[in-house]
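> Sharing a sequence plus its predicted fold:
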Amino acid sequence: MRRLRQLADRTPAGRERYVDLLRAVAITMVVAGHWGVSVVDRDAAGRPTGHSALADLPWAYWLTWPAQVLPVFFLVGGFANAASLTARRARGADATGWLLDRSARLVPPTTALLTVLALGAAGASLWGVDPTRVRQVVWFATIPLWFLVPYFAVVALTPPMLALHRRFGLAVPVTLVALVALGDLGRLTGPALLAAGNHLAGWLAVHQVGFAWYDARARPAGARPLPTGRRAAVALLAGGLGALMLLTTLGPYPVAMLHVPGERLENTAPPSLALLALATAQLGLILLLRDPAERWLRRPRPWQAVIAVNSVVLTVFLWHLTAALLLVGLLDAVGLLPTPAAGTAAWYLWRVPWLLLLAVVLAGLVAVFGPVEARAGRRRPAAGRPTTGPATGPVGPAPPGTGSPPPAPRVAEPSPPAPPVAGRARSALVVAGYVAVIAGLLVNTLTPQRAPAPLGLPVAALVAYLAGAGLLRLLRSGWGHRG
């Protein structure tokens, strides 16, 4: 508590605290949503298995509209990324150092999860557990990693995309929305391959709007701000909801904004026009609530709570499904695992103790692995790179959202720029590190859950990810500046 008070007291006056609150609320909703709709049953061999209850609860499809908060992660990420990169460049530093700093917040907690899962899977395989069963368990635990694939990508693309924003403003997300519409047309009429680009274009569109929101608050040089007045907010909320109603009732899009097995289309994988309409409505609501939320966050206790969540936000996100696996395994081992059918009275009654027990297990995991993220947030930049400015703050998944408490104001003298050839080589290595990390996470996401994998993860995915993470770690240590 003492450190939280210190961090709260050192928060710069100009910090947009609302962004941190949105990240904390969004991650809480993701975790509670995943836990709340889970159904535990048994397979033909009597082993515990699970699935989402949404397919059995069609009445709840409308509830997925407020529950789908991934657009909030990318909107907040765009704001925070624009803020920190703008501050970094104002001090004469380069985008390469900024990318390394961002990797320091995202990669170490992810590496901790993958390392622990791989070691546990290897031990289970040596113990004689079927490699297919090993893969199923690890596949479930790594479901959150699919979110990091597009998020790492939008972070890596932030420097060029921010430059495009400075030149063309909101025309950039409008163009990306048009590409999403073209992809949706391909999904509906063929060729479906046209929709492949939606996986990036949809999230980039929301991320770009985050840039415009930052410009509206900070008004940097070359700003292309988003209209944020009350009239604009109401128009965004009403227009987004109206478009969403039309697209899901008269149009071909499913009502559910989360994955439901058997649906002909899915709104999140890849992002659809319906999801972008929801994101528009969410943006309007966010802008309407901003002023009262900022006033509330000036109070010490709410702001300390937000800091506490943001200090481990990525850890909470990454480990929340592992917590479910551990709890199911423990209850099954002692013969106390309930398996009520979705939608029954017993299933609803089980929600309260289920959520409380999961919170306890996750708290234990955060106590063990949260310091990895906390240290990454406090780590000083590598030699030769200036520190993050006091008003920029972290970014998360988030999805997403990921972040950490605001750093104390520090002053660092920028180092002389690296020679051009060495600078280009260092930038290329940073990009290569990001590409390898993204490729590893993507291969794991695309590998079926029933594919035999003694390490729980495809070997190619694990090698690519660790190679990229290791390269980024070397570069953060200052290795790139020594040639």
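Yes, it's here.

> Going by C-alpha atoms from here, please, whenever you check contacts or count neighbours.
OK.

> Residues touching stretch 329-349, excluding its own?
Contacts with stretch 329-349, where a contact means C-alpha atoms under 8 Å, 6 or more residues apart in numbering, come from 39-42, 48, 53, 56-57, 328.

> buried ones in that stretch?
337-340, 342, 347 (16 or more other C-alpha atoms under 10 Å).

> how long is that stretch end to end?
20 Å (C-alpha to C-alpha, to the nearest Å).

> re earlier: tell me which two in the contacts of stretch 329-349 are the farthest apart.
The most widely separated members of the contacts of stretch 329-349, counting by C-alpha to C-alpha, are 57 and 328 (22.4 Å).

> who's more crowded, these two?
residue 328 (20 against 12; other C-alpha atoms under 10 Å).

> lowest confidence element among the helices and strands of the protein?
One helix or strand of the chain scores below all others by mean pLDDT, DSSP states H and E: helix 2-9, with a mean of 78.

> The helix or strand just after that one - contacts with which helices or strands?
Moving toward the C-terminus from helix 2-9, the next helix or strand (DSSP states H and E) is helix 17-36. Helices and strands touching helix 17-36, by 3 or more C-alpha pairs under 8 Å, 6 or more residues apart in numbering; DSSP states H and E, are helix 64-67, helix 70-90, helix 273-297, helix 300-311, helix 313-333, helix 345-378.

> Out of those helices, which gets nearest to residue 470?
helix 345-378 (14.7 Å).

> So what's the gap between the closest one and the chain middle?
17 Å (C-alpha atoms, centre = their mean, to the nearest Å).

> cool, stretch 167-175 as well?
23 Å.

> tell me the average confidence for that stretch?
Per-residue pLDDT over stretch 167-175 has a mean of 96.

> going forward can the numbers begin at 65, since that is how I track them
Sounds good: first residue 65 from here, last item stretch 231-239.

> how about it: buried residues?
Result for stretch 231-239 [16+ other C-alpha under 10 Å]: buried residues 233-234, 236-237.

> Of those residues, which is the nearest to residue 97?
residue 237 (28.6 Å).

> got any ranges where the stretch 65-214 of the chain has weak pLDDT?
65 (pLDDT under 70).

> Tell me the secondary structure at the closest residue in space to residue 527 that isn't next to it in sequence.
Excluding its sequence neighbours, the residue lying closest to residue 527 (C-alpha to C-alpha, 6 or more residues apart in numbering) is residue 504, at 7.3 Å. At residue 504 the chain is in helix, as set by DSSP: H, G, I helix; E, B strand; the rest coil.

> Residue 504: neighbour count?
24.

> so who does it touch?
524-529.

> mind running it again at 7 Å?
525-526, 528-529 (C-alpha atoms under 7 Å, 6 or more residues apart in numbering).

> Which one (most neighbours) among those?
residue 529 (28 neighbours).

> What separation is there between that one and residue 512?
Distance from residue 529 to residue 512, by C-alpha to C-alpha: 18 Å.

> Could you do residue 537 as well?
30 Å.

> same deal with residue 198?
From residue 198 to residue 512 the distance is 12 Å (C-alpha to C-alpha).

> more neighbours, the two?
The residue with more neighbours, out of residue 198 and residue 512, is residue 198; 25 against 13, by other C-alpha under 10 Å.

> How about the strand or helix carrying that one, which residues are buried there?
Take DSSP H and E as the rule and residue 198 turns out to sit in helix 195-205. By neighbour count with 16+ other C-alpha under 10 Å, helix 195-205 contains the buried residues 195-203, 205.

> now the angle from it to helix 377-397?
Here helix 195-205 runs at an angle of 130 degrees relative to helix 377-397 (axes from the mean of the first three to the mean of the last three C-alpha atoms, to 10 degrees).

> Show me the contact partners of helix 195-205.
Under C-alpha under 7 Å, 6+ apart, the answer for helix 195-205 is 181, 185, 189, 385-386, 513-518, 520-521.

> which residues does residue 513 contact?
199-200, 203.

> Show me which of those is closest to residue 267.
Taking C-alpha to C-alpha as the measure, residue 267 lies nearest residue 203 of the contacts of residue 513, at 23.4 Å.

> From residue 308, how far off is the closest one?
Counting by C-alpha to C-alpha, the gap from residue 203 to residue 308 is 32 Å.
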